[in-house]
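Enquirer: One predicted model, sequence on top.
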Amino acid sequence: MTDFRKTYAAGRGIAVVFSNLGWGIAAVGLLLAAAGFVQGVMPGLGGSTDAVDLSARIGASMPGLGVAFFGLFSVMMAQQTRAAMDTADMTHRMLEIAARRAADETASAPKPAMSPQAQPEEAMATVEDDDIPAMPTMARPRSPLAAPRAVPPAPKAEAPARAEPRIIGPVRPSSAPAGPRPHPIFSARPPR
């Protein structure tokens, strides 16, 4: 893959800028987190005169960790952008290779002596152009206009001798609509 070329120069340049900027933001965030942990207060708010417990130190380092997280997120998005552009370049290259192979195969394929329509069925069976089977010679297209087939009528269902049992639910007020109640997902009202 020595002839692989990268395209999208502007997109790659912007991704490099965002990646470098992200690493810088992450470094500044880690410095802020370390300063907040050491001092016990958020940097820039002054020092503490009292003894500082561990929870105050952890709380003071959180803004710096948030900034560092944002920087690392920027690096991750720049890497994703570069990966998407690499995928596009490789896909383009694979299509070039496939087109070149198809052109080579069609150029090197032997030409039949007769046209496919003039060849007998036995000769058609030996020609291997592709892994798709040959079309049957007597194929008819399916059409709704085709002659209807004689279908025997379905036997008529007899009425049941007794009524089927029903599940009777709670009595609804007269203002409720008749019929089954819709599922709560499909109704505009919240479920009860």
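Expert: Received it, and whenever you're ready, just let me know what you need. Numbering: from 1, shown residues only.

Enquirer: mean confidence score for stretch 20-36?
Expert: Averaging pLDDT along stretch 20-36 gives 95.

Enquirer: cool, and stretch 63-71?
Expert: 95.

Enquirer: can I have that stretch written out in PDB, keeping just the CAs?
Expert: Provided in PDB are the C-alpha atoms of stretch 63-71 (Å, rounded to 0.1, in the frame of the first residue of the first chain):
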ATOM      1  CA  PRO A  63     -12.700  22.400  37.900                       C
ATOM      2  CA  GLY A  64      -9.200  21.600  36.600                       C
ATOM      3  CA  LEU A  65     -10.200  17.900  36.000                       C
ATOM      4  CA  GLY A  66     -13.200  19.200  34.000                       C
ATOM      5  CA  VAL A  67     -10.900  21.400  31.900                       C
ATOM      6  CA  ALA A  68      -8.600  18.400  31.300                       C
ATOM      7  CA  PHE A  69     -11.500  16.200  30.300                       C
ATOM      8  CA  PHE A  70     -12.600  18.800  27.800                       C
ATOM      9  CA  GLY A  71      -9.100  18.900  26.300                       C
END
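
Enquirer: can you list contacts of that stretch?
Expert: Here stretch 63-71 makes contact (CB atoms under 8 Å, 6 or more residues apart in numbering) with 21-36, 42-43. C-betas here are computed from N, CA, C, even on glycine.

Enquirer: Which helix or strand in the chain has the lowest average pLDDT?
Expert: Sorting the helices and strands of the chain by mean pLDDT, DSSP states H and E puts helix 121-126 at the bottom, at a mean of 53.

Enquirer: What is the burial count for Ile14?
Expert: Neighbourhood size, Ile14 [other CB atoms under 10 Å]: 13.

Enquirer: Quickly find the element holding it.
Expert: Using DSSP states H and E, Ile14 sits in helix 9-39.

Enquirer: residues in contact with Gln79?
Expert: So Gln79 contacts 15, 19 (CB under 8 Å, 6+ apart).

Enquirer: Count the residues that sit near Ser108.
Expert: Ser108: 7 neighbours (other CB under 10 Å).

Enquirer: Can you tell me the SS state at Ala51?
Expert: Classification of Ala51 using DSSP: H, G, I helix; E, B strand; the rest coil returns coil.

Enquirer: Look up how far Ala33 lies from it.
Expert: 21 Å (CB to CB, to the nearest Å).

Enquirer: Then Gly11?
Expert: For Gly11 relative to Ala33 (CB to CB), the value is 32 Å.

Enquirer: Check Pro63 too.
Expert: Using CB to CB, Pro63 is found at 8 Å from Ala33.

Enquirer: higher neighbour count, these two?
Expert: Ranked by neighbour count (other CB under 10 Å), Pro63 and Ala33 place Ala33 first, with 21 against 15.

Enquirer: who touches the more buried one in this structure?
Expert: 61-65, 67-68.

Enquirer: Ok, Val38 next?
Expert: Per CB under 8 Å, 6+ apart, neighbours of Val38: Arg57.
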